[in-house]
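J.: have a look; sequence and predicted model below, questions after that.
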Amino acid sequence: MTSPSKTEVQAAIGEYIKQLAEPLRELNRKIHENPELAYEEHHSHDVICKFLEAQNIPVKRHVYGLRTAFEAIVGESSGRCVNFNAEYDALPGIGHACGHNLIATASVAGFMALAFAIQKFGLPGQAQLLGTPAEEDGGGKVDLIRAGAFKNVDVSLMMHPMAEDEFSKGILGIGGRSTIACFDITAAYHGVSAHAAASPWEGVNALDALVSAYNNISMLRQQIGPDERIHGAIMQAPTVTNAIPELTRTKYTIRSRTQKGARALGERVRKCLDAGALATGCKVELEENSDGYQDAIGDLGVHVVSCDDTLMPGSTDQGNVSQVVPALHALVGIPVTDGAHNHTRQFTAAAATDEAHERSVTSGKAMAMTGWRLLVDDQYYSKVRQSFDEIMG
C-alpha cells in the first residue's frame, strides 16, 4: 500500500471527526454536568467507555488497579505507540474549573482520529487512550506509571485549556511551556485524647501541632524565592470542642523551578512540620508523593506558538509522565468572562460552551496528526526522542 500523504490523512481525519460531532459534544456535556472528585470519577469513566464501545473500540475498564481508569488500544504492537491521556476529575465545590471535560474530549477525539487513520491506511504502530483519574489530587498518573500503563508508550500527548487572554493577541495556544517541579508532603499528627474541661493536662493536642506547623510554614513563605510556592490544606481536624484532639492531618504542595530546588524547599517544610510535633509532644507521620503539534494545529487554521518565555506557576497535568516518555502538554485558549483564569467559577462556565468544545476537538485533530507523524516519520521521532534524552540526561 502506498503511504498516504499528510493532506490525505488530514482530510480523512477531518471527515471522520465531523461524523462524530454530536456524540463528542454529548460526551463533553455529560462529563461537565456530572463533576466528580479524584478517584471517584465513576460516571465519567463509564460514559467514555460506553462512547468508545459504541464506536466499536474495545476498551478495558477498571485497569491497573484503579477503579476509574480505563485503557483502549488500536493497532499493531510492532510499531511505535502514541498515548493520549484523558482526565476527568473536578474540583470540590466548583466543578470543572480546570476544564478536564475539555481535556477528556480532546484526547478521545485525538485517539479516535488516529485509530481511524491506523485502520484506514494500514499505518504501523498503536494508538493508546488512557483514562487517567485523580489529576487534581492524589496523582493518578503516578499510580498508572507504577502499574506499568506507560511501559510500551513512545510518546504521550494531551492538551490543557486556559483563558485565551493569557496569550498574546492573535495567539490561541502554545505547544508547551517550561514548568516548575512539585511534590506533596502529608503530615498526620497523633496526640492523646482527654476531656477538655475536666482533665486537659492529660491530653496531647494534635490540633495544636497542626496549627503550630501551619504558622511555621506561613512564616517560611516570606523567605522563599519568587519562583517557589508552598500551599496547603487541613485534611482532617476535630469537629467537637470538649475533647483534646488526638488526630489531625495536613497536606502541603511544594513547588520550585527544578527538582533539586523542590527537594531543598521540601526539606525546610518538613522541619516546620516536625517542629509542630516537637513543640506539642505529638508524634508525626510524613508521607511524600512526587508528582510537531504547532504545525498540525496550524494546518487547521489555529495560530499557536511552539513555546514562550513564561514559566508556568504550576506544573503540567502530564505529571510524572513527562519524566518517563517524551510528552506534549499543549495549552489552548478558550474565551472566559471577567478576565478569570483556571480554578474559578467563571472558567467552569466557560468550559461548558460550544466554542470551548470546538477548540478541544480541533486540538484533538491536531494531536492525531502529530501522532500520525510520530508513527510514520522515523526522522521526526528520532529528533523527539533525542531531545527528550538530552533534557533528561
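T.: Alright, I've got the coordinates.
J.: what lines up beside the strand or helix carrying T250 in the sheet?
T.: In this assignment (DSSP states H and E), T250 forms part of strand 247-256. Applying DSSP bridges to the sheet, strand 247-256 is found paired with strand 181-190 (antiparallel), strand 229-236 (antiparallel).
J.: quick one: contacts for E41?
T.: Under the criterion of Cβ atoms under 8 Å, 6 or more residues apart in numbering, the neighbours of E41 are T68, Y88, D89, P133, A134. The C-beta positions use only the backbone N, C-alpha and C, and glycine is treated the same way.
J.: which non-adjacent residue is nearest it?
T.: The shortest distance from E41 to any non-neighbouring residue, by Cβ to Cβ, 6 or more residues apart in numbering, is to T68 (4.4 Å).
J.: likewise for A109?
T.: Nearest one to A109, counting by Cβ to Cβ, 6+ apart, is G364 at 2.9 Å.
J.: I'd assumed A104 was in contact with the one you found.
T.: No: G364 is beyond contact range of A104, at 10.1 Å (criterion: Cβ atoms under 8 Å).
J.: residues of stretch 264-279 that come out buried?
T.: Using 16 or more other Cβ atoms under 10 Å as the test for burial, stretch 264-279 gives L265, G266, V269, R270, C272, L273, A275, G276, A277.
J.: please apply the same query to stretch 193-213.
T.: Residues 193-194, 196, 203-213 are the ones in stretch 193-213 that count as buried (16+ other Cβ under 10 Å).
J.: K151: which of those residues is nearest?
T.: Checking the buried residues of stretch 193-213 against K151 by Cβ to Cβ gives A213 as the nearest, at 38.6 Å.
J.: give me phi/psi at the closest one?
T.: As for A213, its main-chain torsions (degrees, to the nearest 10) stand at phi -60, psi -40.
J.: with neighbour numbers in mind, choose between G364 and A104.
T.: The residue with more neighbours, out of G364 and A104, is A104; 30 against 27, by other Cβ atoms under 10 Å.
J.: now do the contacts for the more buried one.
T.: Contact partners of A104, counting by Cβ under 8 Å, 6+ apart, are L27, N28, I31, S44, I48, A86, E87, Y88.
J.: how does it look with 10 Å?
T.: Residues in contact with A104 (Cβ atoms under 10 Å, 6 or more residues apart in numbering) are 27-28, 31-32, 41, 44, 47-48, 84-89, 96, 129, 131-132, 158, 360.
J.: so which strand or helix has it?
T.: For A104, the host element (DSSP H and E) is helix 100-121.
J.: for the record, mean pLDDT for that helix?
T.: Computed over helix 100-121, the mean pLDDT rounds to 97.
J.: the stretch 1-150 of the chain: helices as residue ranges?
T.: 6-19, 21-32, 42-54, 100-121, 140-147 (DSSP state H, counting those that start in this stretch).
J.: pull out the buried positions in stretch 57-69.
T.: For stretch 57-69, a neighbour-count test (16+ other Cβ under 10 Å) marks I57, V59, V63, Y64, L66, T68, A69 as buried.
J.: look up how far G319 lies from the residue nearest to A109.
T.: Counting by Cβ to Cβ, to the nearest Å, the gap between G364 and G319 amounts to 20 Å.
J.: taking the centroid of the protein, which residue is nearest it?
T.: Here the mean C-alpha position of the chain is nearest to the C-alpha of D317 (Cα atoms, centre = their mean), at a distance of 2.6 Å.
J.: hang on, Y64 packs against V142?
T.: No: under the criterion of Cβ atoms under 10 Å, Y64 is not in contact with V142, lying 11.5 Å apart.
J.: need the residues touching each of these two.
T.: Here Y64 and V142 share no contacting residue, scored by Cβ under 10 Å, 6+ apart.
J.: with only the CA atoms kept, save the strand holding T250 in CSV.
T.: Listed next in CSV are the C-alpha coordinates belonging to strand 247-256 (Å, rounded to 0.1, in the frame of the first residue of the first chain):
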residue,chain,number,x,y,z
LEU,A,247,-5.5,13.1,65.3
THR,A,248,-5.1,15.8,62.7
ARG,A,249,-3.8,15.8,59.1
THR,A,250,-2.5,18.4,56.8
LYS,A,251,-1.1,18.4,53.3
TYR,A,252,1.3,20.8,51.6
THR,A,253,2.4,21.1,47.9
ILE,A,254,5.9,22.4,47.4
ARG,A,255,6.9,23.9,44.0
SER,A,256,10.2,25.1,42.7
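J.: relative to strand 229-236, how tilted is the helix or strand following that strand?
T.: Following strand 247-256 in sequence order, the next helix or strand is helix 259-280 (DSSP H and E). Here helix 259-280 runs at an angle of 40 degrees relative to strand 229-236 (axes from the mean of the first three to the mean of the last three Cα atoms, to 10 degrees).
J.: convert the C-alpha atoms of helix 259-280 to PDB, please.
T.: Only the C-alpha atoms of helix 259-280 are listed here, as PDB (Å, rounded to 0.1, in the frame of the first residue of the first chain):
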ATOM      1  CA  GLN A 259      13.500  19.100  41.200                       C
ATOM      2  CA  LYS A 260      16.600  19.800  43.200                       C
ATOM      3  CA  GLY A 261      15.100  23.100  44.300                       C
ATOM      4  CA  ALA A 262      11.800  21.500  45.200                       C
ATOM      5  CA  ARG A 263      13.500  18.900  47.300                       C
ATOM      6  CA  ALA A 264      15.600  21.500  49.100                       C
ATOM      7  CA  LEU A 265      12.400  23.600  49.800                       C
ATOM      8  CA  GLY A 266      10.600  20.400  50.900                       C
ATOM      9  CA  GLU A 267      13.300  19.800  53.500                       C
ATOM     10  CA  ARG A 268      12.600  23.200  55.000                       C
ATOM     11  CA  VAL A 269       8.900  22.500  55.100                       C
ATOM     12  CA  ARG A 270       9.500  19.100  56.700                       C
ATOM     13  CA  LYS A 271      11.400  20.800  59.500                       C
ATOM     14  CA  CYS A 272       8.400  23.100  60.100                       C
ATOM     15  CA  LEU A 273       6.100  20.100  60.300                       C
ATOM     16  CA  ASP A 274       8.500  18.300  62.600                       C
ATOM     17  CA  ALA A 275       8.600  21.400  64.800                       C
ATOM     18  CA  GLY A 276       4.900  21.300  65.300                       C
ATOM     19  CA  ALA A 277       5.200  17.800  66.700                       C
ATOM     20  CA  LEU A 278       8.200  18.600  68.900                       C
ATOM     21  CA  ALA A 279       6.500  21.700  70.400                       C
ATOM     22  CA  THR A 280       3.400  19.800  71.400                       C
END
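J.: many thanks, have a good one.
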